[in-house]
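Asker: Got a predicted model here, sequence first, then my questions.
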Amino acid sequence: MNAEAMNGYVEVLAVLALILLCFTALIVFPAAGLWWLTKWLQRRQYRRSAVVMQVLLVGFGLFCFSVVYSFCVPFDSEIEHEFVQITGLPFPTSGEVIESKTSGLDLQGDYHLTARIKVSRQDYTRLWRNISADTSFRQLSPNSAATDSSSYQTFEKHSRNSSQYRSISFWTDGRTVTFHHSSN
């Protein structure tokens, strides 16, 4: 094994150790402290205070879960904001987020988001006209899979001075729009 590969392993182990340390400091220690305080209050016959500490412990657990959940699953408001950033157009009032995926936090700074929305036929037509008329978008050759219902038309926007790639695809069902944002 060469020195460069060994440095890569050491770097990964250092980052994992840092993540474990942060997890312990931010979640395990406060939860253990609340748990210990609850038991201590129960032994001293402070039952009401012990119940308050148990409620705080449950609330702390729910807070930690919501933070972790928000890193893994993007909220609809984040998807709507990303749509505005990509297209420069307001999110359609008839828009409904059907599916979304995000890379969340990445140690190398890479970020990827893909979302699929369903809109009314009027909003679909308005979006398609605005995007196809926008000179910052370049139309790619039409893609089509085995069936007509899964063919789509894609427009891409690539910033030359940054490492961001953005695309928006219009599916032939006249209601489904998929967009993608990637940066590194």
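Answerer: Looks like it arrived, so ask away.
Asker: The protein: helices as residue ranges?
Answerer: For the chain, applying DSSP state H gives helices covering 3-23, 29-43, 47-72, 76-87, 121-133.
Asker: Same list (these) but as a markdown table, adding mean neighbour count, distance to L113 and mean pLDDT.
Answerer: Just so you know, the C-beta spots here come from the backbone N, C-alpha and C atoms, and that holds for glycine as well. A markdown table is the format used below for the helices of the chain (neighbours: other C-beta atoms under 10 Å; distance: least, C-beta to C-beta, whole Å; pLDDT from 0 to 100):
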| stretch | mean neighbour count | distance to L113 | mean pLDDT |
| --- | --- | --- | --- |
| helix 3-23 | 10 | 22 | 68 |
| helix 29-43 | 14 | 31 | 81 |
| helix 47-72 | 13 | 13 | 78 |
| helix 76-87 | 17 | 6 | 89 |
| helix 121-133 | 15 | 18 | 92 |
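Asker: Could I get those helices in CSV, plus columns for distance to L140?
Answerer: Supplementary listing: the helices of the chain in CSV, determined by distance: least, C-beta to C-beta, whole Å:
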stretch, distance to L140
helix 3-23, 36
helix 29-43, 50
helix 47-72, 30
helix 76-87, 15
helix 121-133, 12
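Asker: Out of those, the one nearest S167 is which?
Answerer: Ranking these by distance to S167, with C-beta to C-beta as the measure, places helix 76-87 first at 8.1 Å.
Asker: Compare the helices of the chain and give me the one nearest S163.
Answerer: Go through those one by one with C-beta to C-beta and the one that ends up closest to S163 is helix 76-87, at 15.3 Å.
Asker: mind saving the C-alpha coords of that closest one as CSV?
Answerer: Provided in CSV are the C-alpha atoms of helix 76-87 (Å, rounded to 0.1, in the frame of the first residue of the first chain):
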residue,chain,number,x,y,z
ASP,A,76,-41.5,20.4,0.0
SER,A,77,-40.5,24.1,0.7
GLU,A,78,-36.9,23.2,-0.1
ILE,A,79,-37.9,21.6,-3.4
GLU,A,80,-40.0,24.6,-4.3
HIS,A,81,-37.0,26.9,-3.5
GLU,A,82,-34.7,24.8,-5.6
PHE,A,83,-37.2,24.9,-8.5
VAL,A,84,-37.2,28.7,-8.4
GLN,A,85,-33.3,28.7,-8.3
ILE,A,86,-33.1,26.4,-11.3
THR,A,87,-35.8,28.0,-13.5
